[in-house]
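S.K.: quick check, what structure comes out for this input:
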Amino acid sequence: MQTAGSVMRGVMVSMVVLLAQGAWAQPVGSAATAADRHYRAGIELMRAESWTQAAEEFRAATIADPLMVLAHYNLGQCRMAEKRYVEAVAAYRATKAAFEDQSHFSENEVAARERDIQDEIRDLRVALDQVHLVKDGSGQRRETEINARIQLLESMQYKKGQTRQMPAEFPLALGSAYFRQNKMDEARLEYEEAIKINPKLAAAHNNLAVIHLMAGRAQEADTELKTAKKLGFKVNPQLEADIKKASAGS
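M.R.: You can find the predicted model right below:
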């Protein structure tokens, strides 16, 4: 029988620090200056793992610009790091709402934000080329983080002729916040939404496997874990053993 600790270790809570230079969704005028200033301050504090102070800066950014999607998202990341899961849920829900509200943007606003995304992706690719020069052993971790940021920003780009779709990382993060509150039904729905948006998001399959295992659905758990592994996810060995044992006994 699986232990609570082993199951909890099977869940991947994404803690990607999004170093978006323009924060993607910027208002105009003085509000843009205030929102951007708070956002950049939050990023610097997040780098230093000063989660509480960073959260305050991101919160201030969302007040200045309620549609600054990544400020909401990073606020949620900070609250997860602080284990303040109720507030993390609120931040991630606001992330999804802000993204949906951006559907009302004018063509000029859309074009401006698309340029911000393209500029940020270009800067990140330059940083990716430079990370190989790091000699302190953190190069691989930094490469993973940069690739994750690029992937998220690419998923936020407008694609001509296609319906704009929410990044799967948003419901993935919200699902993990629900999971930490033991709200398994809500977590499952968010993970399923993430998979519907992006079937190749391995972490969502892994996390859904945990949910199924805890609910006694061993076969479903096995299927999701195998999918996560095929997609290149490094699964927790204890989780894999627990699912195998549960499947054998079902």
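S.K.: for the rest of this, base every contact and every neighbour count on C-alpha atoms.
M.R.: Will do.
S.K.: per-residue pLDDT, Ala61?
M.R.: Per-residue pLDDT puts Ala61 at 94.
S.K.: could you check how far it is from Met214?
M.R.: To Met214, Ala61 is 38 Å away according to Cα to Cα, to the nearest Å.
S.K.: so if I had to pick from those two, which one is more boxed in?
M.R.: Taking other Cα atoms under 10 Å, Ala61 and Met214 do not tie; Ala61 has more neighbours (31 against 17).
S.K.: against Tyr39, how distant is the more buried one?
M.R.: Ala61 is 6 Å from Tyr39, by Cα to Cα.
S.K.: just Ala90 next, same as before
M.R.: From Ala90 to Tyr39 the distance is 18 Å (Cα to Cα).
S.K.: what's the answer for Glu186, then?
M.R.: Distance from Glu186 to Tyr39, by Cα to Cα: 29 Å.
S.K.: show me which of these two is the more surrounded one.
M.R.: Using other Cα under 10 Å, the more surrounded residue of Glu186 and Tyr39 is Tyr39, with 30 against 17.
S.K.: my guess is that one meets Ala71, correct?
M.R.: Yes - taking contacts as Cα atoms under 8 Å, Tyr39 lies within contact range of Ala71: 6.5 Å.
S.K.: give me the number of residues near Val102?
M.R.: If you look again at residue 102, you'll see it is Gln, not Val. Counted with other Cα under 10 Å, the neighbours of Gln102 add up to 15.
S.K.: the closest residue in space to it that isn't next to it in sequence: what secondary structure?
M.R.: Using Cα to Cα, 6 or more residues apart in numbering and skipping the chain neighbours, the partner closest in space to Gln102 is Leu67 (7.0 Å). Counting by DSSP: H, G, I helix; E, B strand; the rest coil, the backbone at Leu67 sits in coil.
S.K.: tally of neighbours for Leu67?
M.R.: 23.
S.K.: what helices or strands is the helix or strand hosting Leu128 leaning on?
M.R.: Counting by DSSP states H and E, the element that carries Leu128 is helix 107-131. Applying 3 or more Cα pairs under 8 Å, 6 or more residues apart in numbering; DSSP states H and E, one finds that helix 107-131 makes contact with helix 139-155.
S.K.: buried set for the helix it packs on?
M.R.: Residues Gly139, Arg142, Glu143, Glu145, Ile146, Ala148, Arg149, Ile150, Leu152, Leu153, Glu154, Ser155 are the ones in helix 139-155 that count as buried (16 or more other Cα atoms under 10 Å).
S.K.: so what touches the next helix or strand after that helix?
M.R.: The helix or strand immediately downstream of helix 139-155 is helix 169-180, counting by DSSP H and E. Residues from elsewhere that reach helix 169-180 (Cα atoms under 8 Å, 6 or more residues apart in numbering): 11-14, 73, 80, 85-86, 88-89, 92-93, 95-96, 152, 184, 186-191, 193-194, 203-204.
S.K.: quick one: average pLDDT of helix 169-180?
M.R.: Mean predicted confidence for helix 169-180 is 96.
S.K.: and it with helix 139-155, angle?
M.R.: Angle between the axes of helix 169-180 and helix 139-155 is 120 degrees (criterion: axes from the mean of the first three to the mean of the last three Cα atoms, to 10 degrees).
S.K.: which parts of the helix or strand just after helix 169-180 are buried?
M.R.: Per DSSP H and E, the first helix or strand lying C-terminal to helix 169-180 is helix 184-197. For helix 184-197, the neighbour count (16+ other Cα under 10 Å) marks Met184, Glu186, Ala187, Arg188, Leu189, Glu190, Tyr191, Glu192, Glu193, Ala194, Ile195, Ile197 as buried.
S.K.: no more questions from me, cheers.
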